[in-house]
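S.K.: mind looking at a prediction? Sequence and model below.
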Amino acid sequence: MILAILLAAGLAWWLHKEGVLLPNLKRLAVLGGGGVLIARLLETGQVLFAAAAGVALAGWWFASKRKAPAPAPTELAEARAVLGVAPSDDAAAINAAWRRVIAQVHPDKGGTADLARRVTAARDLLLARR
C-alpha cells in the first residue's frame, strides 16, 4: 500500500510539473477512483464486472476530454474590435486598451481564461502587425 501511495505521489508531482494536473484534476480523480474500484473487483474475483467497469471508465475518459479553447482572432479587424482600438492607434494605445479590457475579463475578476486568452492574442496580433 505504501508503494502505491508513493507511486501516486510521484505521478501527481510529474503531472503537476508538466502542467497537466490542475486542468484535468476532476478527470484524474474519477480515473483514480475507478482504478481503485477495478482493483477491488479483481481482488474479489469479479473479473467480468472489473472488465465492464474498465470499459465504462475508458469510454467516460475519452468522452469527457477537455474542449480546445476558442481560436485566437486571426483577422486584424476582429482583433481591433476585441480591444476597441482604431487602425491608426499606436502600440501605446493598443497596450492601454489591452490593460483596460483584460482588467474586466480576467478570471480573477469574474471573467474566463478563454476570454483573457482571446484579448491577449488580439493584442499580440496587433502589436506584431505594427
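M.R.: Cool, got the structure. Residues are numbered from 1 along each chain as shown.
S.K.: look up phi and psi at His106.
M.R.: In terms of degrees, to the nearest 10, the main-chain angles of His106 are phi -60, psi 140.
S.K.: pLDDT value on it, please?
M.R.: Per-residue pLDDT puts His106 at 88.
S.K.: for it, give its distance to Arg117.
M.R.: Plainly put, His106 is 11 Å away from Arg117 if you go by C-beta to C-beta, to the nearest Å. Glycine gets a C-beta too; all of them are placed from N, C-alpha and C.
S.K.: can you check Glu75 too?
M.R.: 17 Å.
S.K.: and what about the residue located most distally from the centre of the chain, helix, strand or coil?
M.R.: In the chain, Gly45 marks the outermost C-alpha relative to the chain mean, sitting 38.1 Å out by C-alpha atoms, centre = their mean. Following DSSP: H, G, I helix; E, B strand; the rest coil, we place Gly45 in the coil state.
S.K.: how about Lys65?
M.R.: With three-state DSSP as the basis, Lys65 sits in coil.
S.K.: what's around it, how many residues?
M.R.: Counted by other C-beta atoms under 10 Å, the residues lying close to Lys65 total 9.
S.K.: tell me the spacing between it and Val105.
M.R.: In this view, Lys65 and Val105 are 25 Å apart by C-beta to C-beta.
S.K.: swap in Lys17?
M.R.: Separation of Lys17 from Val105 (C-beta to C-beta) stands at 29 Å.
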